[in-house]
Structure formats: C-alpha cells, structure tokens
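Asker: Would you be able to build a 3D model of this:
(chains A and B)
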Number of protein chains: 2
Amino acid sequence: MSKAIVLLSGGLDSCVALHVALNDGHEVCALSFDYGQRHKKELECARAIAAHAGVKDHCVVSLNLAQWGGSSLTDMNMKVEDGNLDSKEIPATYVPARNMVFLSIAASMAEARGAEHIYIGVSQVDYSGYVDCRKEFIDAMETAINLGTVMGAEKGRKITIHAPFENMTKADEIRLGLKLGVDFGLTWTCYRGGEKPCGKCDSCLLRAKAFAEVGIPDPALTR
Amino acid sequence: MSKAIVLLSGGLDSCVALHVALNDGHEVCALSFDYGQRHKKELECARAIAAHAGVKDHCVVSLNLAQWGGSSLTDMNMKVEDGNLDSKEIPATYVPARNMVFLSIAASMAEARGAEHIYIGVSQVDYSGYVDCRKEFIDAMETAINLGTVMGAEKGRKITIHAPFENMTKADEIRLGLKLGVDFGLTWTCYRGGEKPCGKCDSCLLRAKAFAEVGIPDPALTR
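Answerer: Here you go, the predicted model:
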C-alpha cells in the first residue's frame, strides 16, 4: 500500500484532506505541529481526528516559530483581530512561511517513511489571502522537494503534493467531507481558542459562511 | 543596514559564510538547529563563532528530526561509517530534506526580521553528493520562498539565497576565509563528535584534503 503524509492541524480543511487521502487508498502518516501557536485546542482535535479515522502513525513536531513572532497567532503581545472577509489585506494572523516550513518537514518525514504523497488542505478560493495557500507556491514546493530529496532527485520516486481543495469553495469541501464520513464536530477552526469558537475571527467567518452555503448547522457549534 | 540570516551549523562552511555575509555589509542574524543530531559539539562551536564575530542575534531552533531517523546522524542505532571520497554513493549521513527544512525556517525568520538575504555554506564541488547542496535545489528554494512569503510575493521585497561557495573548491573557500579573518580553530566538522575529530568520516576527509591543498595545518587539530 502506498504511503501518504497528511498535514493535520486539527482544523476543518486538514481533517477533510486526511479523509481524501484515506479514500485515495493510502496508508496515512499524520503530521501535526506544536509551533508556538496561541492555543492547543487544534492539537487536541488533531489527535481526536487521527484516532477517529484509525490513523496510528501520528507525529507531533515541536518547533518554536513564536521565538520570532511576526504573527498574532504566535506573538501573545498581539491581539487576534475580528475578521473581515471583504478586506484585501492579509490579516496579522499570517505566520511567516508557515506552510513552507510544514511542507519541508513533511518532505523529511516522507523520505524517511518512503511516502510518495503529501496532502495539504489549502485553498485559494475561500481563504484569507495567505500567499502560502496558492497553487503557484504549492507547485514551487513540489519542485523543490523533488530536487532536494534523494527519493525525488536520485531514486526516481517523485513526491507529489496533493492540495485537493486548491480550487474548491469551502462549501464544496464540506460536501465532499460529508460524503467521506467526516465528523466536523471533531475539528477546531477558531483562531482564539476559547471554550467555544468566537464566531468573529477570519477563520470562524469563513467556516460559518461555508456551512450556511451548504445549508446545515456546524456540528462543532452544537457540541 | 540590510539584514541577512546566516545558517550557522558550527562547521567550517557556515563559519566562512557568516564572515562573507558580514563582509558583504549585512547585519547578521545567525540561525542554528538542535535537530536531534548525534552530538552537540557543533552547536557549541556555532555559539563561539557567533560570539567571536560579534553577532548578537543568534537563534537556536529545536526541532526533532531524529523522531523519524533515516540518517546515521540522527538515528543512534546506526553507525557513522568511515568516509570514501571516491564513492559515488550518497552516504548514510544524509539527513532527509535537512537543507530544505533549514532554509524554510530561515525564510520564516527572514520575513519576521525583514531580512532580504539568506546565506548557506553549501557547495556542489567538494561535497558528499547530498542532493540538497546542489545549485538547482537552492534556486528552486529561492523561487518557493518568494512565492510563499508575503515579503517576496506581495511586498516586492525579494529574498535572495546566497550560496557563495556553490561552485568553489573547499580549498578556495578556506583561502577566502583566511582573507576574511576566520578562526578555523573554532569550527567543528567531524560527524562523530569525539574529543578530537576522528579523521576518518567523510566530513573529516573532505576537510583534511582541503587544508592539504591550501598547504597549511588545520588549526582545529592542534588545539
């Protein structure tokens, strides 16, 4: 069975990505990061999602990106602002080069595990404008990964990055997740990490808009 | 003054790279990694090199790449084999995707610090065949960094990766270092991390060959 590394934050997107990878027939190795983010709720969700899906190989990598801050998610002196989906500005929640760091570490794990597939739940449709969610960046990373690993550059075992929602609305992604048996109640999206999702940050707004488009209540709000 | 991130392992190459960056007129932020490597000698050397050069901004990032091994440098159940400079095989000391991970984290720090330059001491001339030391990989990473950071992709502040020894022999690199006032006695190259360099691993052999070509004794061996 072919192996796939799935970047699993514990959010909605990465949870659906994990189920897509399983549905594609891969043996999944999940990879999560304790990178100095504001709260640990999403990591607890990542563990619950992996367990619920029967994924036994789940690595959590500690990496302190908070030591140079540059984001309201990692610098506790900054506040997470309320979201504004009409804004063209990249919000202060952007963490410098986060997806590049995550994909690079996924490439290291992929090579060690002999996995030819990496899944990441980014989208350039319903997103916050983060540059590291766009297709051209994902393509550039795939090129770099295949030049910078022995698997890709010497052994002819190309590593493919799958970003199945890259050009999908979040509503369509939820519809796909429902078909695949995703339990959205296990996922955590809110940037703020309170008892309940705040409903006001950019991430909560994008999620609420998508569930409204699908026309179902968000199971995470009723638990 | 422009800022530069320098990847500083504590080895010969990264030490010369740091002095090149200073000589190029940059304010240097040094970046080292405690990534689960076999020994901590090179990290002690990195601290000494930064202090000796008057670099005050020195981050050491902890990141456990040893959790998936795949290299004799991070898997303590493997032995570091003696080197063979005539071999065409990539040695087992290759750490999966290491330079990609290091450059990605350097990009995160660069963006947080507003640094437009990253220095890395790789070479594709006197090297162990590691694919992540080659120019085509470094170029691909520069492309990815400029698509995956707000600085590069949105603000028109391109980040440049400098690999000043990419096409230089190690002997020429040492000659350059001598001109720039590098104290090679502060650097650590040996993979094994004993009291003294072993003189037999691939890394020791490459270093000894280079000092022999320059025609001077290696100061690290006489201390």
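
Asker: Check the residue sitting furthest away from the middle of chain A and give its pLDDT.
Answerer: Here the centre of chain A is the reference, and by C-alpha atoms, centre = their mean the most remote residue is A:E154, at 29.2 Å. We note a pLDDT of 89 for A:E154 in this prediction.

Asker: cool, and the one 5 residues further on?
Answerer: At A:I159 the predicted local distance difference test score is 97.

Asker: What's the local residue count around it?
Answerer: By other C-beta atoms under 10 Å in any protein chain shown, 20 other residues sit near A:I159. For every residue, glycine as well, the C-beta is placed using N, CA and C.

Asker: for chain A, what spans make up the helices?
Answerer: Here chain A has its helices, by DSSP state H, at A:12-23, A:41-52, A:98-113, A:135-148, A:150-153, A:170-179, A:202-214, A:219-222.

Asker: residues touching the closest residue to A:G36 other than its chain neighbours, list them.
Answerer: Closest residue to A:G36 apart from its sequence neighbours, by C-beta to C-beta, 6 or more residues apart in numbering or on different chains: A:A66 at 2.8 Å. By C-beta atoms under 8 Å, 6 or more residues apart in numbering or on different chains, the residues touching A:A66 are A:Y35, A:G36, A:Q37, A:T74, A:D75, A:M76.

Asker: One more: A:G83?
Answerer: A:G83 makes contact with A:P91, A:S128, A:K200, A:C201, A:D202, A:S203, A:C204, A:L205, A:L206 under the criterion C-beta under 8 Å, 6+ apart.

Asker: Would you confirm that A:A171 contacts A:R207?
Answerer: No. Between A:A171 and A:R207 there is no contact under C-beta atoms under 8 Å: 10.4 Å.

Asker: So which of those two has more stuff around it?
Answerer: Shown here are A:A171 and A:R207; by other C-beta under 10 Å, A:R207 has more neighbours (26 against 17).

Asker: picking that back up, pLDDT value on the closest residue in space to the residue farthest from the centre of chain A that isn't next to it in sequence, please?
Answerer: Leaving aside its sequence neighbours, A:E154 sits nearest to B:V131 (C-beta to C-beta, 6+ apart; 6.1 Å). Predicted confidence (pLDDT) for B:V131: 93.

Asker: correct me, but B:V131 touches A:G148?
Answerer: Yes. With contact defined as C-beta under 8 Å, B:V131 counts as touching A:G148 (6.1 Å).

Asker: any low-confidence regions in chain A?
Answerer: Filtered on pLDDT under 70, chain A yields the residue ranges A:223.

Asker: what about the longest strand in it?
Answerer: Using DSSP state E to define each element, chain A has its longest strand at strand A:27-34.

Asker: in that strand, what's buried?
Answerer: For strand A:27-34, the neighbour count (16 or more other C-beta atoms under 10 Å in any protein chain shown) marks A:E27, A:V28, A:C29, A:A30, A:L31, A:S32, A:F33 as buried.

Asker: Perfect, I'm done here.
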